[in-house]
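Q: Here is my input, please return the structure:
(chains A and B)
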Protein chains: 2
Amino acid sequence: MKLLHTADWHIGRRLHGFDLIDEQQNAFNQIERIAKEEQVDGVIIAGDLYDRRLPAEASVAMVNEMLQQLNLFDQLPIYAVSGNHDSATRLATGTPWFKATDLYLHTALRQAFTPVELADTQIFLCPYFEPFDAQQYFNDDSLQHLDQAFERVVTEMKRHFDPAKKHLLVAHFFAAGSATTDSETNLTVGGLAAVPTDLLADFDYVALGHLHGKDALQLPTARYSGSPVKFSLSEASQKKGVWLVDTDQTPVALTFKPITPIHDVKQLTSSFDALMASADDDTVDHEDYVGVTLTDRQPIPNVMARLREVFPRIVTLSRADGFESQVQYQGESSQQIRQKSPLQLLDDFYEEVAKEPLSPRQEKWAKAALKDASEEGKQA
Amino acid sequence: MKLLHTADWHIGRRLHGFDLIDEQQNAFNQIERIAKEEQVDGVIIAGDLYDRRLPAEASVAMVNEMLQQLNLFDQLPIYAVSGNHDSATRLATGTPWFKATDLYLHTALRQAFTPVELADTQIFLCPYFEPFDAQQYFNDDSLQHLDQAFERVVTEMKRHFDPAKKHLLVAHFFAAGSATTDSETNLTVGGLAAVPTDLLADFDYVALGHLHGKDALQLPTARYSGSPVKFSLSEASQKKGVWLVDTDQTPVALTFKPITPIHDVKQLTSSFDALMASADDDTVDHEDYVGVTLTDRQPIPNVMARLREVFPRIVTLSRADGFESQVQYQGESSQQIRQKSPLQLLDDFYEEVAKEPLSPRQEKWAKAALKDASEEGKQA
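A: Below is the predicted model of the structure:
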């Protein structure tokens, strides 16, 4: 059987204020094209279809349209679970009807123990859950941490294993050993939020969602697909795409199919002048979402507005080596600075900013103000 | 064909802070029981399934459960439309899959022109729409008001009439001649929000939603079912229930089936003492939601807390004849009052409230304050 494994669509997500609707629709179109070209037997979506529990109407319309497209128009079976960003309750809307067209979308832990039964394969769909949900389901308060809860869940799943079939698992959690990026929100406070990967050993393939990089886990039979779109600068260097999983081979054969964004997310480290001069450089894609790190140390007036004339999609702006003024003070120890009088400090600061010393009149005002402040301090 | 006609469930609605979940579940259970006992061929829900466009998760779970119960478990066809309180986009989730089990839930105007085709009947499901939607659909800016838009909609529907069949319409709007209550939110600013009832003449039956009283429209072939639960004190005297519509007769035969609330909504007008004394009266249902109008005119300390000991579900409290103090002034004409000095007015007021005149010292302070105020007024 040939499956397409994707996850973490996060429909409704924004990148530092930039709408990603077009990027997400573009990525979906490529997923759909790959599924059709590769004639897959089904599409796995391992959680976080939405970016938020309370999605905007536009996001609801988009996810509805995508599921309809894949399942009703392309007639592809879908094996999906809810992730920690989804509202399990809202995502459950319509699911009892979806099974009739082989759209399986599990949102409650109890559903994890009723696998989708295919001719030669059992697919267990385990939605994101918290240890509390497992405590309730198993009526066992000892399941305090996710590793304990997940071990119990796997034990229960194995009771339903048909030994004549292969066993796939679709789930959404943080598997131990994975690398994280900025754009996964860590919702667990206290407790061990990671699941040890040895718990995944009994499955022929585990299709994971939650982490946004496809390389976060490098096991032969358990992978994150990663998100189809870069959602953060920390994902700038990641390759985005989907896994094609051929379950007829042992171990399963994995092929990564890349997704090409409309506009890439990149980190640029350069001088202001070089960036401005790149306006005429056709080899630079100025429409990318860029995190700019300036190597300059001097203040640059109106820097963001000027850079955005060349790079309209700047998402962050920072300095590689801070500002000159900060650097100059590195020569003085905190001991030396502490020995300076307030007037000396003010004079130094003024000169740093204004590039000229205090005028005699300014110095007179400053002295008077410092005297007043000092006397008020004594009275208090 | 025998149909059950209900509307305006408004799941998630509260009555002056009181949760109505139990009332709404109770009403639903009775609707389901009537549908099964009467062996109806389908259930019409004429809009406003939810109370708000952005329903809480608990409301989503409740509506999902109800539709599942009627359609999947009881295997009843459902003919439903979205109302002005629903989010058409959110309510559309899953609808393309629902048709397979004869759950028809139309949320977009364009769907109004594709009737559900039964052996001897066409059911047109027209969701709530605004004139703007009709302008867009017909590409005609002249459709400025709802009556114009609806006339065009009906004309278009009639183009799809099969003369060999009966024609039913399910819709959600304010039909002219109807009486309104407090609990329908009027969302139309400007424009004519009512649809003349003569536009409904070509249908064998029009199942309406929007107004909460079943008697709002008394036509032989067009009715509001009203809401299954009383949502406001202005609905206190209404009979709640559903219509059973037998379309095999001409004109259709209508039977009203009442729904009994757990706790009724009532208006009580009485004296404080009589209400308190009713605590021992078993003929009074103290658990009802009551709007209390006191006939007393004197102030009653801690009146709400004391009344709630006897009537825990008081929703409003008012006075039939105002307060004594206000009444005493009725003897003085506005002419007489205007001739009084500020100090006289203050003295009268103080005596009303404190039941004693100003002391000489208070009068001295009052004179000084009035003098200051008068001088400030001159300066300004």
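Q: Just name the shakiest helix or strand of chain A by mean pLDDT.
A: When the helices and strands of chain A are scored by mean pLDDT, DSSP states H and E, helix A:324-328 comes last with a mean of 57.
Q: Give me the next element, helix or strand, following that one.
A: Past helix A:324-328, further along toward the C-terminus, the next helix or strand under DSSP states H and E is helix A:334-339.
Q: how far does that following helix sit from the chain's center?
A: Counting by CA atoms, centre = their mean, to the nearest Å, helix A:334-339 is centred 44 Å from the centre of its parent chain.
Q: Stretch A:264-275 too?
A: For stretch A:264-275, the distance to the chain centre is 22 Å (CA atoms, centre = their mean).
Q: can you check stretch A:345-360 too?
A: For stretch A:345-360 - counting by CA atoms, centre = their mean - the centre lies 45 Å from the chain centre.
Q: Show me which parts of that stretch are buried, residue by residue.
A: For stretch A:345-360, a neighbour-count test (16 or more other CB atoms under 10 Å in any protein chain shown) marks A:Leu346, A:Asp347, A:Asp348, A:Tyr350, A:Leu358 as buried. C-beta coordinates here come from the backbone N, C-alpha and C atoms, glycine included.
Q: Figure out the helix or strand that the residue nearest to the first one when sequence neighbours are not counted lives in.
A: Taking CB to CB, 6 or more residues apart in numbering or on different chains as the measure, A:Leu346 lies nearest to A:Ala366, with 5.6 Å between them; neighbours along the chain are not counted. Per DSSP H and E, A:Ala366 falls inside helix A:360-379.
Q: In chain A, which residue sits nearest chain B?
A: Proximity of chain A to chain B (CB to the nearest CB) peaks at A:Gly94, 2.1 Å away.
Q: Looks like that residue contacts B:Thr93 (just checking).
A: Yes: look at A:Gly94 against B:Thr93 with CB atoms under 8 Å: they come within range, at 5.6 Å.
Q: Which member of the buried residues of stretch A:345-360 is positioned nearest B:Glu324?
A: Closest approach to B:Glu324 among those (CB to CB): A:Leu346, at 70.0 Å.
Q: who touches the helix or strand that closest one falls within?
A: For A:Leu346, the element it lies in under DSSP H and E is helix A:342-354. Contacts to helix A:342-354, defined as CB atoms under 8 Å, 6 or more residues apart in numbering or on different chains, come from residues A:Ser325, A:Gln328, A:Ile337, A:Lys340, A:Pro357, A:Leu358, A:Gln362, A:Glu363, A:Ala366, A:Lys367, A:Leu370.
Q: Check stretch A:148-164 too.
A: By CB under 8 Å, 6+ apart, the residues outside stretch A:148-164 that reach it are A:109, A:112-115, A:117, A:122, A:124, A:126, A:129, A:131, A:133-135, A:138, A:140, A:142-143, A:167, A:169, A:173, A:195, A:199-200, A:202.
Q: Can you say which of those are buried?
A: Counted by 16+ other CB under 10 Å, those give A:109, A:112, A:115, A:122, A:124, A:126, A:129, A:131, A:133-135, A:138, A:143, A:167, A:169, A:173, A:195, A:199-200 as buried.
Q: Domain-wise, how is chain A divided?
A: According to automatic domain parsing, chain A comprises the domains A:2-258, A:265-324, A:332-379.
Q: Quick one: end-to-end distance for the second one.
A: Across its full length, domain A:265-324 reaches 29 Å end to end, with CA to CA, to the nearest Å as the criterion.
Q: just the longest one next, same as before
A: Criterion CA to CA; first-to-last residue distance in domain A:2-258 is 17 Å.
Q: Between helix A:360-379 and the helix holding A:Leu346, find me the angle.
A: 130 degrees (axes from the mean of the first three to the mean of the last three CA atoms, to 10 degrees).
Q: Got the phi and psi for A:Met157?
A: With angles defined as degrees, to the nearest 10, A:Met157 shows backbone torsions of phi -60, psi -40.
Q: cool, and the one 10 residues further on?
A: When quoted as degrees, to the nearest 10, the phi and psi of A:His167 stand at phi -130, psi 120.
Q: Report the contact partners of it.
A: A:His167 touches A:Pro115, A:Thr121, A:Gln122, A:Phe124, A:Phe161, A:Asp202, A:Phe203, A:Asp204, counting by CB under 8 Å, 6+ apart.
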